[in-house]
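Peer 1: Take a look and give me a structure for this.
(chains A and B)
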Amino acid sequence: EAGVAQSPRYKIIEKRQSVAFWCNPISGHATLYWYQQILGQGPKLLIQFQNNGVVDDSQLPKDRFSAERLKGVDSTLKIQPAKLEDSAVYLCASRLALRGIYEQYFGPGTRLTVT
Amino acid sequence: QKEVEQNSGPLSVPEGAIASLNCTYSDRGSQSFFWYRQYSGKSPELIMFIYSNGDKEDGRFTAQLNKASQYVSLLIRDSQPSDSATYLCVVIRSASKIIFGSGTRLSIRP
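Peer 2: Below you'll find the predicted structure:
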């Protein structure tokens, strides 16, 4: 079974530029998450999808971050414009279903550096 | 008060000893609890989950949950150098409320 795929693995941009990250979850997983992990901290949930609908985006900075999951499979996370404090690893995870005791499977992450 | 609190460490344990990792949470309505291990530069991977009071054992790992005291712990027996990593406590309050602790860095010294 293929795992969660993410691209790119690394990205360096200047502040005020825009950037987009892509995630392909495990086949059949209805729930998809985007996390931001700043060095030395635990992952912080940004947005959660159930199929192609948003379940929770309360911690997504909507003035600069956006995310979509068209067709309920792949997802993209965009930052526009980027700030220095956005430097972090962006993790995508998927889960079989929203309810129930199901494991989250994480992708390898995208390390973003904003200069 | 943080919703999920962990001692950041580092926790240094000699090889072969028991490592004890603790986590407290603030919401009494929390339903399920997960322990993830994260090696430096890698993604988190699931170690164990628990949702009923008491102990749950899986190989060298034991998770303990005490909902009345609002804490969950992870014990690692016969610690190995390969156990050196950051351990993340994850609390699920509802289907849409997943909260990660900041993690405890564990170092197993030979």
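Peer 1: show me the contacts for the closest residue to residue A:68 other than its chain neighbours.
Peer 2: In this structure, residue A:68 finds its nearest non-sequential neighbour in residue A:76, 5.9 Å apart by Cβ to Cβ, 6 or more residues apart in numbering or on different chains. Placement of C-beta: from N, CA and C, glycine included. Residue A:76 makes contact with A:20-23, A:67-68, according to Cβ atoms under 8 Å, 6 or more residues apart in numbering or on different chains.
Peer 1: Mind doing that once more with 10 Å?
Peer 2: Residue A:76 makes contact with A:20-23, A:34, A:66-70, according to Cβ atoms under 10 Å, 6 or more residues apart in numbering or on different chains.
Peer 1: And for residue A:41?
Peer 2: Residue A:41 makes contact with A:88, B:8, B:100-103, according to Cβ under 10 Å, 6+ apart.
Peer 1: Run through the bridge partners of the residue nearest to residue A:38 when sequence neighbours are not counted.
Peer 2: Once flanking residues are discounted, residue A:38 sits nearest to residue A:88: 4.6 Å by Cβ to Cβ, 6+ apart. Beta-bridge partners for residue A:88, by DSSP bridges, are residue A:112.
Peer 1: which ones are touching residue A:88?
Peer 2: Residues in contact with residue A:88, defined by Cβ under 10 Å, 6+ apart, are A:35-39, A:41, A:43-44, A:109-114.
Peer 1: if you set the cut-off to 6 Å instead, what comes out?
Peer 2: Going by Cβ atoms under 6 Å, 6 or more residues apart in numbering or on different chains, residue A:88 touches A:36-38.
Peer 1: Check residue B:98 too.
Peer 2: Residue B:98 touches A:45, B:92, counting by Cβ under 6 Å, 6+ apart.
Peer 1: Give the burial count for residue B:5, as a bare number.
Peer 2: Using other Cβ atoms under 10 Å in any protein chain shown, residue B:5 has 17 other residues around it.
Peer 1: circling back: from the contacts of residue A:41, which would you call buried?
Peer 2: Buried subset of these (neighbour count, 16 or more other Cβ atoms under 10 Å in any protein chain shown): A:88, B:100-103.
Peer 1: tell me the two of those that are most distant?
Peer 2: A:88 and B:101 (17.1 Å; Cβ to Cβ).
Peer 1: ok so, going back, so which of the buried ones among the contacts of residue A:41 would you say is closest to residue B:63?
Peer 2: The closest of the buried ones among the contacts of residue A:41, once distances to residue B:63 are taken by Cβ to Cβ, is residue B:101, at 14.1 Å.
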